[in-house]
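1. coords please:
(one chain, ligands or ions: 1)
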Amino acid sequence: MSINEKLNLKGKVIVLTGGAGQYGRGLAAQLAEAGATLVLASRDVEALRKVAAEEEKRGFIASAYKFDQGDEESIRALCAAVVAKHGRIDGLVNNAVYRPAKGTPAAATPVKAWEASMKVNGVGLFAISLVFAEQMGTQGFGSIVNISSIYGMTGPSLSLYTGTSLGAGYGDYFFHKGGMINLTRYFAGVYGPKGVRVNCVCPGGFFNNQPQPFLDAYCRQTFLGRMANSEDLGGPVVFLLSDAAAYVTGAELAVDGGFTAH
Ligand SMILES: NC(=O)c1ccc[n+]([C@@H]2O[C@H](COP(=O)([O-])OP(=O)(O)OC[C@H]3O[C@@H](n4cnc5c(N)ncnc54)[C@H](O)[C@@H]3O)[C@@H](O)[C@H]2O)c1
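-> Here you go, the predicted structure:
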């Protein structure tokens, strides 16, 4: 098989969680363009139906499912529904994230918010990885891509936020994004013998019209001099889901314009 035949998602059933958000919308578009039979899943199914309709209008195959990553039964129901409809699951992209501390002072993240975060981003991440890896292990093939962050690799760069009302994020985020990187290695080790690959990408900050002092400072800290856009994550994720990455597992790939290589 030629490299072009391997480096695409034609005929692959790919589940993307959180497909209407900042990174999620661009990922949905690029997975669809790569040929995936796209299954979008999150709590806000109305937003996903809109994304699925837009992608179908472009000639691609997409559907929307409601699920709550904080609820194991909901995760199991999602997996069962996809298998019932498509017969298998070739890939899962763990992109959804819950930010319950948003709006509180960062240094004093309420413990209740931390607990709520862990239910979705910790326990829920483990549950969805387990349920889907079990299904893929039964099939004998499958690829999971976890979307972590530069803030799973480093501590907060406080100086970037000077002169703005932005904060450097919340402690729970640094905890679960860092944990996601090593959980990737754990699942890659346990499910590798069953034909399942598990990898992790660590994106940098997404351009979202942030205040100029932040943009200037952030861009100076990347080799490529800019923040990420909606097309930056798709290539690495498509590669990791595709047969071109058949010998890649347990890997952590920064997609950050060089932010963490400084
Ligand atoms: N935005 C950034 O600058 C940035 C930077 C680095 C990494 N990331 C990572 O990229 C991924 C996407 O981030 P984003 O900023 O695009 O997210 P977002 O906040 O725009 O979207 C998050 C999505 O997760 C879904 N979600 C939240 N709780 C859920 C639950 N309990 N069950 C099911 N779905 C749920 C939401 O419905 C939403 O669609 C995340 O994993 C994030 O950590 C983002």
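2. So which residues on this structure come close to the ligand?
-> Contact residues, the chain versus the ligand (C-beta under 6 Å from any ligand atom): 17-18, 20-24, 42-44, 67-70, 95-98, 120, 147, 149, 203, 205-206. C-beta: built from backbone N, CA, C; applies to glycine.
3. Buried residues in stretch 30-48, which are they?
-> For stretch 30-48, burial by neighbour count (16 or more other C-beta atoms under 10 Å) applies to 30-43, 45, 47-48.
4. In strands, which of the residues of the chain next to the ligand appear?
-> 17, 42, 147, 203 (DSSP state E).
5. Using TSV, lay out those together with pLDDT and distance to residue 114.
-> Formatted as TSV, those follow (pLDDT from 0 to 100; distance: C-beta to C-beta, whole Å):
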residue	pLDDT	distance to residue 114
17	98	21
42	98	22
147	98	21
203	98	23
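6. what number of residues lie near residue 51?
-> 22 (other C-beta atoms under 10 Å).
7. Packing partners of the helix or strand where it lies?
-> Residue 51 belongs to helix 45-57 when assigned by DSSP states H and E. Packing partners of helix 45-57 (3 or more C-beta pairs under 8 Å, 6 or more residues apart in numbering; DSSP states H and E): helix 22-33, strand 37-42, strand 61-66.
8. hey, C-alpha coordinates of that helix in PDB?
-> What follows is helix 45-57, C-alpha atoms only, in PDB (Å, rounded to 0.1, in the frame of the first residue of the first chain):
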ATOM      1  CA  VAL A  45     -25.900  17.700  20.900                       C
ATOM      2  CA  GLU A  46     -27.600  20.600  19.300                       C
ATOM      3  CA  ALA A  47     -24.300  22.300  18.600                       C
ATOM      4  CA  LEU A  48     -23.000  19.000  17.200                       C
ATOM      5  CA  ARG A  49     -26.000  18.500  14.900                       C
ATOM      6  CA  LYS A  50     -25.200  21.900  13.400                       C
ATOM      7  CA  VAL A  51     -21.600  20.800  12.800                       C
ATOM      8  CA  ALA A  52     -22.700  17.400  11.400                       C
ATOM      9  CA  ALA A  53     -25.100  19.200   9.000                       C
ATOM     10  CA  GLU A  54     -22.400  21.600   7.800                       C
ATOM     11  CA  GLU A  55     -20.000  18.700   7.100                       C
ATOM     12  CA  GLU A  56     -22.700  16.700   5.300                       C
ATOM     13  CA  LYS A  57     -23.400  19.800   3.200                       C
END
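9. Okay, the residue nearest to residue 52 when sequence neighbours are not counted and residue 4: tell me how far apart.
-> Excluding the flanking residues, the one nearest residue 52 by C-beta to C-beta, 6 or more residues apart in numbering is residue 62, at 4.0 Å. Residue 62 sits 23 Å away from residue 4, taking C-beta to C-beta, to the nearest Å as the criterion.
10. Comparing these two, which shows the higher neighbour count?
-> Neighbour count, other C-beta under 10 Å: between residue 62 and residue 4, residue 62 has more, with 26 against 8.
11. Name whatever forms a beta bridge with residue 254.
-> Beta-bridge pairing of residue 254 under DSSP bridges involves residue 202.
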